[in-house]
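> here's a sequence, model it:
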Amino acid sequence: MCTLTNAIGIFIIYMEPLMMCIDLIASMINQKLLIDCLDRLEKVDQKLSTENITVNNSRIQRYIIIFLVLVLLFEFLLTTYNFVVFSQSVTLWSLVWFITAFPTGINSVSRIWFVVLVLAVRHRFHAMNNHMDELAGLLEEHNDHWEDELEIEKNDIPMNYLEREIFTIRSHRKGIGKGSAGTKIISVRPFEKKLNEEKAIAQKRSKFDLLSFEKYMKIDEKLDKKMILVCRTHDELCEIGKSVNHMFSFQMLVSMAHGFMAITAQFYFLYCALSGQDVPVLFRSAQVPQITVLQILYIAAKCVICIYVCWKTKTESQRTGIYMHHLANMVDETHFYQIVNHLSLKLLNHQFNFSACGFFDLDMTTLYAITGAITSYLIILIQFNLAALQKSGNSTSSVNVASTVASLMNINTTESTALSTYVTNP
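Modelled structure (predicted):
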């Protein structure tokens, strides 16, 4: 077990500076790609603004502030707690506790960059989907309003116009039969009221259109052009997401591996400390359950947030086709159906996914797999520990038995020697 403990400790201790070096090298290599992604996001915002789709980046700014504050808070609490509990005296050399927090802090900042970029892509997907959903809702409300007007029109049509028309025709015929040139023909327009009502309803409808759709689109603009722009913007956002995944793919792989090993080791040595066993110096923080729980929560939060944001972004990109078909159902026009079917096929063939160098996808299934792996390895380590304790207990008992037998043999030898001396020299 000593060899296993040393292997785990060396892996975790040297993994943190290795992650820091990988983050620094990757940031220098991907600097141009990062600037290019930001420029492409700005162009996407300009395209969406032409379609009255506003993207509010204030929420992402709040996320950045919250993440930075949480990282600083956790790093400060963990480092200060370890320094106060385990540092015997406050000297210049003891301040090395605070220096050891730099690798994990730099790795946390790198993850913040990744999460913020993925959130920016997801926020634009959400803005487009929300825009199409609101537009479909307005069309549905407009259709319901128009059907209500038609019901009013059907109920208000007068049914006595036929009698007046028949009376007019009869009067006209009587006048012709008598040869009376002064017969006055009654001029009746049975559909005059209906036409006036249709004109009034049309005016109401145009007024409703102006009020409802002025926020979303121009009156002379067709929806198919809007959908084509949405499809192209969707493709551009997918390419930006792939670029972000390419920049941080290897870093996510190393970070997930470190999180898996660190959480498993913290749980194992917490078990050792609670069972009264000796804990190595490398993991002496496990002797304090509060520090161990805080470290586990901090490491797990960094992994879970990355996985959750990637999964939600992928899900939001897949919902664009659903909102597009919902809008086509509200429009209910053959040409628009054809456009939406063509565009949804393009969206179906142009999907993207976040992965760690292709080894596994960053989604909720991976989170479930990592949780199961931590549980399995923790059970295996506990079994090894119990077997080692049992073996050491057996060896101790055998040593005690051997010492007892040896002492008994010495006593018997002494007694036999004394007896022979007595017999020889009575």
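
> in the stretch 201-350 of the chain, which spans are strands?
Listed in chain order, the stretch 201-350 of the chain contains no strands at all (DSSP state E, counting those that start in this stretch).

> what bits of it have low per-residue confidence?
The model of the stretch 201-350 of the chain has pLDDT under 70 over residues 201-222, 281-282.

> and if we set it to 50?
Low-confidence regions of the stretch 201-350 of the chain, defined by pLDDT under 50, span residues 207-220.

> show me where it has helices.
223-274, 289-318, 320-331, 334-349 (DSSP state H, counting those that start in this stretch).

> tabulate these (a markdown table), appending distance to L68.
For every residue, glycine as well, the C-beta is placed using N, CA and C. Below are the helices of the stretch 201-350 of the chain laid out as a markdown table (distance: least, C-beta to C-beta, whole Å):
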| stretch | distance to L68 |
| --- | --- |
| helix 223-274 | 18 |
| helix 289-318 | 13 |
| helix 320-331 | 31 |
| helix 334-349 | 35 |
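
> for those helices, which one sits closest to L386?
Ranking the helices of the stretch 201-350 of the chain by proximity to L386 (C-beta to C-beta) places helix 223-274 first, at 10.6 Å.

> for T79, grab the count of nearby residues.
T79: 17 surrounding residues under other C-beta atoms under 10 Å.

> can you redo the helices of the stretch 201-350 of the chain as CSV with distance to Y81 and mean neighbour count?
Converted to CSV, the helices of the stretch 201-350 of the chain look like this (distance: least, C-beta to C-beta, whole Å; neighbours: other C-beta atoms under 10 Å):
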stretch, distance to Y81, mean neighbour count
helix 223-274, 14, 19
helix 289-318, 5, 18
helix 320-331, 46, 19
helix 334-349, 50, 14
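
> of the ones you listed, which approaches S58 most closely?
With C-beta to C-beta as the measure, helix 289-318 is the member of the helices of the stretch 201-350 of the chain nearest S58 (18.0 Å).

> what is the subsequent helix or strand relative to the host helix or strand of D39?
In this assignment (DSSP states H and E), D39 forms part of helix 31-50. Going down the chain from helix 31-50, the next helix or strand is helix 58-86, by DSSP H and E.

> show me the domain layout of the protein.
Listed domain ranges for the chain are 2-137+218-356, 152-213 (source: automatic domain parsing).

> including distance to L381, could the ones you listed go into TSV?
As requested, the domains of the chain are exported to TSV (distance: least, C-beta to C-beta, whole Å):
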stretch	distance to L381
domain 2-137+218-356	5
domain 152-213	64
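
> the closest residue to R284 other than its chain neighbours: neighbour count?
Nearest in space to R284, with sequence neighbours left out and distances taken as C-beta to C-beta, 6 or more residues apart in numbering, is F86 at 6.3 Å. Other residues lying near F86 total 15 when counted by other C-beta under 10 Å.

> quick one, which of the domains of the chain is nearest to T375?
Proximity to T375, assessed across those by C-beta to C-beta, is greatest for domain 2-137+218-356 (9.1 Å).

> so what's V230 up against?
51, 128, 132, 320, 324, 343 (C-beta atoms under 8 Å, 6 or more residues apart in numbering).

> neighbours of S27, just the number please.
S27 is flanked by 16 other residues according to other C-beta under 10 Å.
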